[in-house]
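1. Take a look and give me a structure for this.
(one chain, ligands or ions: 1)
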Amino acid sequence: MNIISLESTFDDTCMCILKKKKILEIKIVHKNLVGVVPKITTNRHIKNFKNIFKIFKKEKVDYISYSYKPGLPGSINVSKSFSMALSYIYKKKIFKVNHLKAHIFSYFIGKKKIFFPFISFLLTGANTKIFLFRNFKKYKVIGKTIDNALGDTINKIGRYMNLKYPCHKKVEKYLKKKYDYFYVINKPKISLINFSYSGIITKIKKLYDKNKKIKNIKGILFFSFFNFLIKDINKKICYIKKKYKINYFIFCGGVSSSNFIRKNISKVKFVKKKFCEDNASMISFYTYLWLHI
Ligand SMILES: [Fe+2]
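-> Here you go, the predicted structure:
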(Lines give C-alpha, C1' and ligand atoms only; values in the text may rest on other atoms or scores of the structure.)
Protein backbone atom coordinates (compact mmCIF):
# COMPACT_ATOMS: atom_id res chain seq x y z
CA MET A 1 0.00 0.00 0.00
CA ASN A 2 1.62 3.22 -1.16
CA ILE A 3 0.61 6.62 0.21
CA ILE A 4 1.76 9.83 -1.46
CA SER A 5 1.54 12.90 0.79
CA LEU A 6 1.95 16.63 0.40
CA GLU A 7 2.71 19.24 3.03
CA SER A 8 2.84 22.96 2.32
CA THR A 9 0.93 24.61 5.16
CA PHE A 10 3.61 27.22 5.73
CA ASP A 11 6.93 27.90 3.98
CA ASP A 12 8.44 24.45 3.34
CA THR A 13 7.42 22.30 0.35
CA CYS A 14 7.41 18.61 1.26
CA MET A 15 6.28 15.52 -0.60
CA CYS A 16 6.83 11.89 0.31
CA ILE A 17 5.80 8.37 -0.56
CA LEU A 18 5.23 5.74 2.11
CA LYS A 19 5.84 2.20 0.86
CA LYS A 20 5.60 -0.82 3.18
CA LYS A 21 6.49 1.32 6.21
CA LYS A 22 9.47 2.88 4.39
CA ILE A 23 9.22 6.57 3.68
CA LEU A 24 11.01 8.45 0.93
CA GLU A 25 10.70 12.20 1.45
CA ILE A 26 11.84 15.20 -0.57
CA LYS A 27 11.72 18.55 1.16
CA ILE A 28 12.58 22.01 -0.14
CA VAL A 29 13.21 24.52 2.63
CA HIS A 30 12.55 28.12 1.72
CA LYS A 31 15.19 30.57 2.78
CA ASN A 32 13.57 33.67 4.17
CA LEU A 33 15.47 36.63 5.51
CA VAL A 34 12.72 38.59 7.19
CA GLY A 35 9.72 36.27 7.40
CA VAL A 36 7.18 34.61 5.16
CA VAL A 37 5.57 36.55 2.31
CA PRO A 38 2.41 34.53 1.44
CA LYS A 39 2.29 35.36 -2.27
CA ILE A 40 5.95 34.50 -2.88
CA THR A 41 5.63 31.33 -0.78
CA THR A 42 2.57 30.16 -2.77
CA ASN A 43 4.40 30.57 -6.09
CA ARG A 44 7.43 28.70 -4.75
CA HIS A 45 5.25 25.78 -3.62
CA ILE A 46 3.78 25.45 -7.14
CA LYS A 47 7.23 25.36 -8.73
CA ASN A 48 8.65 23.00 -6.08
CA PHE A 49 5.83 20.44 -6.21
CA LYS A 50 6.18 20.29 -9.98
CA ASN A 51 9.89 19.52 -9.64
CA ILE A 52 9.58 17.08 -6.73
CA PHE A 53 6.84 15.09 -8.44
CA LYS A 54 9.20 14.24 -11.32
CA ILE A 55 11.00 11.95 -8.82
CA PHE A 56 7.81 10.17 -7.76
CA LYS A 57 5.93 9.99 -11.05
CA LYS A 58 6.71 6.32 -11.75
CA GLU A 59 5.58 5.12 -8.31
CA LYS A 60 2.41 3.11 -7.75
CA VAL A 61 -0.08 5.20 -5.74
CA ASP A 62 -2.93 3.79 -3.61
CA TYR A 63 -3.81 6.79 -1.46
CA ILE A 64 -3.18 10.52 -1.62
CA SER A 65 -3.11 12.80 1.42
CA TYR A 66 -2.32 16.41 2.15
CA SER A 67 -2.21 18.69 5.14
CA TYR A 68 -5.33 20.86 5.08
CA LYS A 69 -5.11 22.95 8.28
CA PRO A 70 -3.94 25.04 10.02
CA GLY A 71 -1.69 27.20 7.85
CA LEU A 72 -1.53 29.86 5.16
CA PRO A 73 -4.59 29.55 2.86
CA GLY A 74 -2.60 30.16 -0.34
CA SER A 75 0.05 27.60 0.58
CA ILE A 76 -2.54 24.98 1.57
CA ASN A 77 -4.42 25.52 -1.70
CA VAL A 78 -1.32 24.47 -3.63
CA SER A 79 -1.29 21.08 -1.85
CA LYS A 80 -5.04 20.77 -2.31
CA SER A 81 -4.93 21.50 -6.06
CA PHE A 82 -1.96 19.22 -6.61
CA SER A 83 -3.67 16.42 -4.66
CA MET A 84 -6.83 16.84 -6.74
CA ALA A 85 -4.76 16.54 -9.91
CA LEU A 86 -3.06 13.38 -8.54
CA SER A 87 -6.44 11.95 -7.57
CA TYR A 88 -7.64 12.51 -11.14
CA ILE A 89 -4.55 10.87 -12.65
CA TYR A 90 -4.40 7.84 -10.32
CA LYS A 91 -8.16 7.55 -9.71
CA LYS A 92 -7.50 7.30 -5.97
CA LYS A 93 -9.05 8.78 -2.86
CA ILE A 94 -7.73 11.91 -1.10
CA PHE A 95 -7.32 12.11 2.70
CA LYS A 96 -7.22 15.50 4.41
CA VAL A 97 -4.85 15.46 7.39
CA ASN A 98 -4.78 17.88 10.30
CA HIS A 99 -1.23 19.22 10.44
CA LEU A 100 -1.16 19.43 14.27
CA LYS A 101 -2.34 15.85 14.82
CA ALA A 102 0.27 14.69 12.29
CA HIS A 103 2.96 16.52 14.33
CA ILE A 104 1.80 14.73 17.49
CA PHE A 105 1.60 11.21 16.05
CA SER A 106 4.99 11.59 14.32
CA TYR A 107 6.39 10.43 17.68
CA PHE A 108 5.24 6.92 16.75
CA ILE A 109 6.99 6.75 13.36
CA GLY A 110 9.17 3.64 13.47
CA LYS A 111 7.73 2.51 16.83
CA LYS A 112 6.09 -0.91 17.21
CA LYS A 113 3.14 0.22 19.32
CA ILE A 114 0.97 3.27 19.89
CA PHE A 115 -0.07 3.91 23.50
CA PHE A 116 -2.95 5.87 25.03
CA PRO A 117 -3.74 7.98 26.96
CA PHE A 118 -1.05 10.62 26.56
CA ILE A 119 -0.55 14.36 26.78
CA SER A 120 1.14 16.25 23.97
CA PHE A 121 2.88 19.62 24.19
CA LEU A 122 2.77 20.98 20.65
CA LEU A 123 5.35 23.76 20.36
CA THR A 124 5.66 25.23 16.86
CA GLY A 125 6.21 28.58 15.23
CA ALA A 126 2.50 29.29 14.92
CA ASN A 127 0.88 27.01 17.52
CA THR A 128 1.40 26.35 21.22
CA LYS A 129 -1.12 23.89 22.60
CA ILE A 130 -1.48 21.04 25.07
CA PHE A 131 -3.55 18.06 23.89
CA LEU A 132 -4.96 15.16 25.85
CA PHE A 133 -5.47 12.03 23.71
CA ARG A 134 -7.66 9.28 25.19
CA ASN A 135 -7.50 7.28 21.97
CA PHE A 136 -6.82 7.92 18.28
CA LYS A 137 -10.10 9.76 17.72
CA LYS A 138 -10.98 11.06 21.18
CA TYR A 139 -8.96 14.07 22.24
CA LYS A 140 -9.26 17.59 23.62
CA VAL A 141 -7.13 20.71 23.85
CA ILE A 142 -6.51 21.32 27.57
CA GLY A 143 -4.20 24.32 27.25
CA LYS A 144 -3.16 26.89 24.67
CA THR A 145 -1.52 30.24 24.17
CA ILE A 146 -3.79 33.20 24.60
CA ASP A 147 -1.60 35.42 22.41
CA ASN A 148 1.71 34.57 20.68
CA ALA A 149 2.95 31.07 19.90
CA LEU A 150 6.30 30.05 21.37
CA GLY A 151 8.21 29.92 18.05
CA ASP A 152 6.74 33.25 17.05
CA THR A 153 7.85 34.70 20.42
CA ILE A 154 11.45 33.53 19.90
CA ASN A 155 11.46 35.09 16.42
CA LYS A 156 9.91 38.35 17.64
CA ILE A 157 12.53 38.76 20.38
CA GLY A 158 15.32 37.68 18.01
CA ARG A 159 14.28 40.04 15.22
CA TYR A 160 14.17 42.92 17.74
CA MET A 161 17.80 42.11 18.56
CA ASN A 162 18.61 42.04 14.82
CA LEU A 163 19.10 38.26 14.61
CA LYS A 164 18.54 36.63 11.23
CA TYR A 165 15.11 35.04 10.66
CA PRO A 166 14.42 32.26 11.61
CA CYS A 167 16.25 32.90 14.89
CA HIS A 168 16.33 29.46 16.55
CA LYS A 169 19.81 28.44 15.32
CA LYS A 170 21.44 31.54 16.78
CA VAL A 171 19.41 31.15 19.98
CA GLU A 172 20.67 27.55 20.36
CA LYS A 173 24.23 28.90 20.16
CA TYR A 174 23.49 31.45 22.90
CA LEU A 175 22.01 28.73 25.11
CA LYS A 176 25.17 26.62 24.89
CA LYS A 177 27.16 29.32 26.71
CA LYS A 178 27.37 29.93 30.45
CA TYR A 179 26.33 33.26 31.96
CA ASP A 180 27.11 34.78 35.38
CA TYR A 181 23.54 35.91 35.92
CA PHE A 182 20.09 35.98 34.36
CA TYR A 183 16.88 37.95 34.76
CA VAL A 184 13.94 36.41 36.57
CA ILE A 185 10.84 36.47 34.35
CA ASN A 186 7.60 36.11 36.23
CA LYS A 187 4.72 33.94 35.12
CA PRO A 188 1.95 35.97 33.43
CA LYS A 189 -1.23 36.27 35.48
CA ILE A 190 -3.23 33.61 33.64
CA SER A 191 -4.32 30.07 34.52
CA LEU A 192 -1.36 27.69 34.85
CA ILE A 193 -2.51 25.42 32.01
CA ASN A 194 -2.36 28.21 29.39
CA PHE A 195 0.52 30.14 27.83
CA SER A 196 0.97 33.86 27.32
CA TYR A 197 4.05 35.51 25.84
CA SER A 198 3.05 39.03 24.74
CA GLY A 199 3.93 40.65 28.11
CA ILE A 200 7.23 38.76 28.20
CA ILE A 201 8.14 39.96 24.68
CA THR A 202 7.58 43.57 25.84
CA LYS A 203 9.58 43.02 29.03
CA ILE A 204 12.56 41.50 27.19
CA LYS A 205 12.51 44.24 24.55
CA LYS A 206 12.65 46.85 27.35
CA LEU A 207 15.48 45.01 29.12
CA TYR A 208 17.38 44.85 25.84
CA ASP A 209 16.93 48.58 25.16
CA LYS A 210 18.11 49.43 28.69
CA ASN A 211 21.14 47.12 28.69
CA LYS A 212 22.22 47.08 25.04
CA LYS A 213 25.81 47.91 25.92
CA ILE A 214 26.27 44.99 28.31
CA LYS A 215 28.46 42.21 26.90
CA ASN A 216 26.48 39.07 25.94
CA ILE A 217 23.14 40.78 26.65
CA LYS A 218 21.36 38.91 23.84
CA GLY A 219 22.50 35.56 25.22
CA ILE A 220 21.66 36.56 28.81
CA LEU A 221 18.13 37.56 27.80
CA PHE A 222 17.47 34.38 25.84
CA PHE A 223 18.93 32.34 28.70
CA SER A 224 16.55 34.19 31.06
CA PHE A 225 13.59 33.50 28.77
CA PHE A 226 14.40 29.80 28.43
CA ASN A 227 14.85 29.46 32.20
CA PHE A 228 11.34 30.84 32.61
CA LEU A 229 10.12 28.49 29.89
CA ILE A 230 11.55 25.35 31.52
CA LYS A 231 10.15 26.32 34.91
CA ASP A 232 6.74 27.06 33.40
CA ILE A 233 6.58 23.80 31.40
CA ASN A 234 7.67 21.74 34.42
CA LYS A 235 4.94 23.34 36.53
CA LYS A 236 2.40 22.54 33.82
CA ILE A 237 3.55 18.91 33.72
CA CYS A 238 3.16 18.57 37.53
CA TYR A 239 -0.32 20.15 37.38
CA ILE A 240 -1.46 17.88 34.52
CA LYS A 241 -0.10 14.73 36.20
CA LYS A 242 -2.11 15.54 39.33
CA LYS A 243 -5.28 16.60 37.57
CA TYR A 244 -5.51 14.00 34.78
CA LYS A 245 -3.43 11.16 36.29
CA ILE A 246 -1.55 10.71 33.02
CA ASN A 247 2.19 10.15 32.96
CA TYR A 248 3.01 10.02 29.25
CA PHE A 249 4.06 13.33 27.74
CA ILE A 250 5.00 13.75 24.08
CA PHE A 251 6.77 16.93 22.98
CA CYS A 252 6.50 17.78 19.29
CA GLY A 253 6.81 20.64 16.80
CA GLY A 254 9.79 22.69 15.65
CA VAL A 255 10.54 24.36 18.99
CA SER A 256 10.74 20.97 20.73
CA SER A 257 13.92 20.20 18.78
CA SER A 258 15.74 22.72 21.01
CA ASN A 259 18.64 21.01 22.79
CA PHE A 260 18.12 23.23 25.82
CA ILE A 261 14.52 22.08 26.20
CA ARG A 262 15.50 18.41 25.63
CA LYS A 263 18.23 18.65 28.26
CA ASN A 264 16.16 20.39 30.90
CA ILE A 265 12.79 18.67 30.76
CA SER A 266 13.06 15.13 31.99
CA LYS A 267 10.83 12.06 31.93
CA VAL A 268 9.00 13.11 28.77
CA LYS A 269 9.19 11.77 25.21
CA PHE A 270 10.43 13.88 22.30
CA VAL A 271 9.63 13.40 18.62
CA LYS A 272 12.78 12.56 16.63
CA LYS A 273 14.43 15.80 15.55
CA LYS A 274 14.03 15.06 11.83
CA PHE A 275 10.24 14.94 12.27
CA CYS A 276 9.94 18.05 14.48
CA GLU A 277 9.99 20.58 11.64
CA ASP A 278 7.25 20.46 9.00
CA ASN A 279 7.50 17.34 6.86
CA ALA A 280 5.34 15.12 4.65
CA SER A 281 6.38 11.87 6.39
CA MET A 282 4.14 12.74 9.33
CA ILE A 283 1.22 13.30 6.92
CA SER A 284 1.76 9.88 5.29
CA PHE A 285 2.17 8.20 8.67
CA TYR A 286 -1.03 9.78 10.02
CA THR A 287 -2.88 8.61 6.89
CA TYR A 288 -1.49 5.11 7.44
CA LEU A 289 -2.77 5.16 11.06
CA TRP A 290 -6.16 6.45 9.94
CA LEU A 291 -6.47 3.52 7.54
CA HIS A 292 -5.36 0.93 10.08
CA ILE A 293 -6.74 1.96 13.49
FE1 LIG B 1 4.16 22.58 11.72
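2. From Lys140, how far off is Tyr90?
-> Remark: distance between Tyr90 and Lys140 (C-beta to C-beta, to the nearest Å) = 36 Å. Every C-beta, even on glycine, is put in place using the N, C-alpha and C of the backbone.
3. Tell me how far the helix or strand harbouring Asn227 lies from the chain's centre.
-> Here Asn227 sits within helix 217-244, counting by DSSP states H and E. Centre-to-centre, helix 217-244 and its host chain are 18 Å apart (C-alpha atoms, centre = their mean, to the nearest Å).
4. rewinding a little: when Tyr90 and Lys140 are compared, which one has more neighbours?
-> Tyr90 (16 against 9; other C-beta atoms under 10 Å).
5. Using the three-state scheme, assign Ile17.
-> Recorded secondary structure, Ile17: strand (DSSP: H, G, I helix; E, B strand; the rest coil).
6. Within its sheet, name the partner strands of the helix-or-strand element of the chain with minimal mean pLDDT and how each one runs.
-> The least trusted helix or strand in the chain, going by mean pLDDT, DSSP states H and E, turns out to be strand 22-28, with a mean of 85. Sheet pairing for strand 22-28, assigned by DSSP bridges, gives strand 13-19 (antiparallel).
7. quick check: mean pLDDT across the strand it pairs with?
-> Mean per-residue pLDDT for strand 13-19: 95.
8. Distance from that strand to the middle of the chain?
-> Distance, centroid of strand 13-19 to centroid of chain: 18 Å (C-alpha atoms, centre = their mean).
9. Can you name the residues in contact with that strand?
-> For strand 13-19, contacts defined as C-beta atoms under 8 Å, 6 or more residues apart in numbering pick out 2-8, 23-28, 30, 44-45, 48-49, 52-53, 56, 59, 61, 278-281, 283-285, 287-288.
10. For the most centrally placed residue in the chain, what are phi and psi?
-> Among the residues of the chain, the one closest to the centroid is Gly253, at 2.6 Å (C-alpha atoms, centre = their mean). Per-residue torsions, Gly253: phi 100, psi 160 (degrees, to the nearest 10).
11. Okay, helices next: where are they in the stretch 101-250 of the chain?
-> 150-160, 168-176, 198-211, 217-244 (DSSP state H, counting those that start in this stretch).
12. what's the closest of those helices to the ion?
-> Judged by C-beta to the ion, the one of the helices of the stretch 101-250 of the chain that comes nearest to the ion is helix 150-160, at 9.1 Å.
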